[in-house]
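Q: Model the following, please.
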Amino acid sequence: MPKTHIVLLSGGSGSRLWPLSSGVRSKQFLKVLRDAEGNHVSMVQRTYAKVTTLVPNADVTVATCAEQASMLADQIQGDYALAVEPERRNTAPAIMLACAHLAWEQGADLSDPVIVLPIDSYVENAYYLGLARAAEAVEAGAAELVLLGVEPTYPSEKYGYIVPAEPTGSPRPVERFTEKPDAATAKELIAHGALWNCGVFAFRLSHVLDILAGYGEFSSYADLRSRYGELPKNSFDYEVVESASSVAVVPYAGSWKDLGTWNTLTEEMTDLASGNTVLDEATCPGTYVVNELDVPVIVAGITDAVVVATEDGVLVCSKDLSAKLKNYVARIDDAR
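A: The predicted model follows:
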């Protein structure tokens with residue numbers, strides 16, 4: 001059985017979880033979840049443990065940026081390789097760099113399947129079994145690229161949709177993609193069997209290396225890193241997937257959450273308050289408080305909100321509006 005190479009993408013800044021998350025201490029490193037024994041763990045630790053336990057015959061490469069490499073070393077104790085971006089250039093070049101590392105530094109076979117997934121998704125065990133099915137579809141030659149698609153639970157306007165040519169079966173040939181439609185369009189798409197795009201890509205290693213060769217002749221992994229700026233600053237979806245000659249999707253019917261906003265993250269947080277805090281739970285239903293400062297924080301009379309105090313700043317925000325934090329954080333960064 002060929003080895004399955006898992007590439008975990010860990011490079012985002014997580015600005016929608018400001019001020020707890022930043023470019024260096026991004027959301028995937030925050031120990032706000034708990035494992036089966038009740039220990040505090042991060043998204044990085046949870047995902048790595050699940051992958052190494054549930055994906056047979058897999059080895060792991062983490063694609064990350066230089067600022068996060070040391071935090072990965074602190075949080076993951078295990079056997080994995082690092083492909084470190086010299087600069088942040090979005091997911092397409094990051095995945096190409098990781099594939100080059102697999103081939104030129106790790107000696108991976110060009111015919112081996114590679115599965116790329118975000119390191120910060122909160123999912124059930126069945127998701128990782130779906131990764132194995134995606135690898136099997138690559139092996140069987142179902143398509144140049146095989147995606148994992150989540151069966152929607154409601155007509156979300158926040159996600160991209162994968163529209164298969166056939167509403168049943170696995171894998172299913174993909175007809176087209178629709179990015180963040182309105183609720184009415186999303187409902188129609190779901191009625192025709194559309195799936196949420198959860199950012200999981202599977203392919204043979206040779207496929208992405210062939211695409212990489214189209215951007216220049218690179219003699220080695222070190223040469224590619226030194227000329228990294230020549231690669232397109234674009235997402236893998238737009239640069240590679242949407243121009244592929246054949247794409248298939250494997251459906252996944254379990255829970256899937258992008259814990260990228262306070263609204264979604266607090267759904268998985270077991271502690272209402274942490275740090276030097278006084279939270280009046282009787283008058284603050286649905287409110288969470290995180291205090292990393294030495295000074296006390298008192299919260300009363302606020303419903304369905306988050307209050308976060310760190311050395312980088314203080315946030316008081318309703319959970320519903322937390323998805324729009326990125327715009328406000330950008331204004332603070334510009335001012336600085």
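Q: Who is the residue nearest to residue 200 when sequence neighbours are not counted paired with across the strands?
A: When the adjacent residues along the chain are set aside, residue 200 lies closest to residue 148, with 3.7 Å between them (Cβ to Cβ, 6 or more residues apart in numbering). (Each C-beta comes from the backbone N, C-alpha and C, glycine too.) On DSSP bridges, the residues paired with residue 148 through beta bridges are residue 250.
Q: so how far is residue 316 from residue 148?
A: 37 Å (Cβ to Cβ, to the nearest Å).
Q: of those two, who's got more company?
A: When neighbours are counted by other Cβ atoms under 10 Å, residue 148 and residue 316 differ, and residue 148 comes out ahead with 28 against 12.
Q: residue contacts, the more buried one?
A: Counting by Cβ atoms under 8 Å, 6 or more residues apart in numbering, residue 148 touches 117, 127, 130, 131, 134, 198, 200, 202, 249, 250, 252.
Q: same question, residue 190
A: The contact partners of residue 190, by Cβ under 8 Å, 6+ apart, come to 152, 155.
Q: Give the residue farthest from the middle of the protein.
A: Of all residues in the chain, residue 282 sits farthest from the chain's C-alpha centroid, using Cα atoms, centre = their mean; the distance is 35.4 Å.
Q: three-state assignment of that one?
A: Three states are possible here, and by DSSP: H, G, I helix; E, B strand; the rest coil the one that applies to residue 282 is coil.
Q: and residue 134, that's in a helix?
A: Yes - going by three-state DSSP, the assignment for residue 134 places it inside a helix.
Q: I'd say it and residue 117 touch.
A: No - in terms of Cβ atoms under 8 Å, residue 134 does not count as a neighbour of residue 117; the distance is 9.6 Å.
Q: Give the residues shared as contacts by the two.
A: Listed contacts common to residue 134 and residue 117 are 148, 200; contacts here mean Cβ under 8 Å, 6+ apart.
Q: quick one: which of these two has more around it?
A: Set side by side, residue 134 and residue 117 show unequal neighbour counts under other Cβ under 10 Å, the larger going to residue 134 at 28 against 23.
Q: Spatially nearest residue to that one (excluding sequence neighbours)?
A: Nearest in space to residue 134, with sequence neighbours left out and distances taken as Cβ to Cβ, 6+ apart, is residue 202 at 4.0 Å.
Q: Name the SS class of the one you found, please.
A: Reducing the assignment at residue 202 to three states with three-state DSSP gives strand.
Q: For the residue nearest the centre of the chain, list each beta-bridge partner.
A: With distances taken as Cα atoms, centre = their mean, residue 118 lies nearest the centre of the chain, 2.6 Å away. Using DSSP bridges, the beta-bridge partners of residue 118 come out as residue 9.
Q: how about it, what does it touch?
A: When contacts are taken as Cβ under 8 Å, 6+ apart, residue 118 is in contact with 8, 9, 198, 199, 200, 258.
Q: gap between the third one and residue 123?
A: This means residue 198. Using Cβ to Cβ, one gets 8 Å for the distance from residue 198 to residue 123.
Q: Give me the phi and psi for residue 174.
A: For residue 174, the backbone dihedrals are phi -90, psi 130 (criterion: degrees, to the nearest 10).
Q: Tell me how far it lies from residue 202.
A: Remark: distance between residue 174 and residue 202 (Cβ to Cβ) = 13 Å.
Q: Between those two, tell me which one has more neighbours.
A: residue 202 (29 against 23).
Q: which residues touch that one?
A: By Cβ under 8 Å, 6+ apart, the contact set of residue 202 is 113-116, 131, 134-135, 137-138, 145-148.
Q: Repeat the analysis, applying 7 Å as the threshold.
A: Listed by Cβ atoms under 7 Å, 6 or more residues apart in numbering, the contact partners of residue 202 are 113, 114, 115, 134, 135, 138, 146.
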